[in-house]
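1. Have a look at this prediction, sequence included:
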Amino acid sequence: MNILKKFYQNTRRPEGIGGRVMLSMMNAGHNANAIWGLSQIEIAPEDEILDIGCGGGRNIAHLLRRAPAGRVYGVDYSPESVEKSKRVNKAEIIRGRADVKQASVSSLPFEDGKFDIATAFETIYFWPDLLHDFMEVRRVIKEGGIFFICNEASRPEGNEKWTKMIDLSIYTKEDLSRILLKAGFRSISCHEHPNGKWLCVAARKPNAAEGNCRPCSKKHIHRIE
Ligand SMILES: C[S@@+](CC[C@H](N)C(=O)[O-])C[C@H]1O[C@@H](n2cnc3c(N)ncnc32)[C@H](O)[C@@H]1O
C-alpha cells in the first residue's frame, strides 16, 4: 500500500501517529460541513445525544453547546478517536455532561430508547452493514427521536479518487432514504447544500401514536425528496 493511501486509511479507523494527525485534520477540515448540518436540526436544551463515529470529538463539543442542560455521548471503534474525543471534551466529561466509549456502531453499548438524537457525521461511508447498523441506531433512540446523518460526499460520481484511496461507500439521498425506511425510520427529510455535494438526512423513529415531527416541528409526515 502506498504511503498516501496508508495515511488516508486513518479516516476509516485512526491509528497511531498518522491517526492522531488525521484526527486533528478532521476536526478542522470537517467543521464547516458539521456547522451547516447542525443548522438543519432542532435540538432541545435537555436532549440526550449520541454522536456515532465521533472521531476527534469536535462535534461532541458543538452538541454540548446546543444542549446545555443535556448530555452528549460519543462512540467510536478506534481507541485513538476515543482518546482524542476525551481530551477535546475533558472539562464536560469531568462535569458529567459528556462521555466517550469505544464501540462499533454494529453493537452499541446502550439500552433501548436512551437517546433523543443520534448523529453520524462523515462516518456511515465505513459502516459494515448499513441496514443492520441503522437498525441498531434505531434501537437506542427514543420513540419520536431523530437519527441525523451528515455527509460531505453524496454522489459516487466525481469521488472515484477517494473511493479508491480510502475504500469507502458513498450513498445518495435515495440510497439513504430507502435503507432508513427499511430500518424502520419514518419522516425522512433530506437537505442538500447549494454546493451540490453536502447532504444531511434526518429520520424519525416512529411514535406508537404519531405526534410532532422533530426535524421541523410541524404535524405531518415528511415527503422523501
Ligand atoms: C472520517 S472520520 C469522521 C469523524 C468525525 N465524525 C468528524 O466528522 O470529523 C470517521 C470516524 O468514524 C469511525 N468509524 C468508522 N466506522 C465505524 C464503526 N463501524 N463503528 C464506530 N466508529 C466507526 C472512525 O474510527 C472515525 O473516527
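-> Great, that's in hand. Numbers count the residues shown, from 1 in each chain.
2. Which neighbouring elements make contact with the helix or strand hosting K161?
-> According to DSSP states H and E, K161 maps onto helix 160-166. Packing partners of helix 160-166 (3 or more C-beta pairs under 8 Å, 6 or more residues apart in numbering; DSSP states H and E): helix 3-8. For the C-beta atoms, the positions are set from N, CA and C on the backbone; glycine is no exception.
3. Is the ligand within reach of the helix it packs on?
-> No: shown here: helix 3-8 not in contact with the ligand (C-beta under 6 Å from any ligand atom), separated by at least 9.9 Å.
4. Past that helix, which element shows up next along the chain?
-> Downstream of helix 3-8 (by DSSP H and E), the next one is helix 16-29.
5. is that next one anywhere near the ligand?
-> Yes: judged by C-beta under 6 Å from any ligand atom, helix 16-29 and the ligand are in contact via M26.
6. What number of residues are in the vicinity of G113?
-> By the criterion of other C-beta atoms under 10 Å, G113 has 13 neighbours.
7. That one touches N207, doesn't it?
-> No: if you go by C-beta atoms under 8 Å, G113 and N207 don't touch, sitting 11.6 Å apart.
8. Overlap of the contact sets of those two?
-> E143 (C-beta atoms under 8 Å, 6 or more residues apart in numbering).
9. right, and the helix or strand after the helix or strand of the chain with the lowest mean pLDDT?
-> Least confident helix or strand of the chain, by mean pLDDT, DSSP states H and E, is helix 160-166 with a mean of 86. Where DSSP H and E defines the elements, the next helix or strand beyond helix 160-166 is helix 173-182.
10. How is C200 assigned, secondary-structure-wise?
-> strand (DSSP: H, G, I helix; E, B strand; the rest coil).
11. What's opposite it in the beta bridge?
-> C150, H191 (DSSP bridges).
12. ok, now which ones touch it?
-> If a contact means C-beta under 8 Å, 6+ apart, then C200 has W36, G37, Q40, I41, F148, I149, C150, N151, C190, H191 as its contacts.
13. For this protein, just list every one of the helices.
-> Ranges of helices within the chain are 3-8, 16-29, 31-38, 58-66, 79-88, 90-94, 130-140, 160-166, 173-182, based on DSSP state H.
14. chain center to the fourth one: distance?
-> Mean C-alpha position of helix 58-66 versus that of the full chain (C-alpha atoms, centre = their mean, to the nearest Å) differs by 12 Å.
15. Can you mark which positions in it are buried?
-> R58, N59, I60, A61, H62, L63, L64, R66 (16 or more other C-beta atoms under 10 Å).
16. cool, and stretch 172-179?
-> So for stretch 172-179, counting by 16+ other C-beta under 10 Å, buried means K173, L176, S177, I179.
17. between these, which is nearest the ligand?
-> Comparing these against the ligand with C-beta to the nearest ligand atom places I179 closest, at 15.2 Å.
18. Might one say that that closest one is in contact with H132?
-> No: with contact defined as C-beta under 8 Å, I179 does not count as touching H132 (10.2 Å).
19. pLDDT weak spots in the protein?
-> Along the chain, the model assigns pLDDT under 70 to residues 1, 209-225.
20. can you list the residues of it near the ligand?
-> Going by C-beta under 6 Å from any ligand atom, the residues of the chain near the ligand are 11-14, 26, 30, 34, 53-56, 59, 76-78, 81, 104-105, 121-123, 126-128.
21. Quick one: buried ones out of those?
-> Counted by 16+ other C-beta under 10 Å, those give 11-14, 26, 30, 34, 53-56, 59, 76-78, 81, 104-105, 121-123, 126-127 as buried.
22. residue in this protein nearest to the ligand?
-> For the chain, C-beta to the nearest ligand atom, closest residue to the ligand: G55, 2.3 Å.
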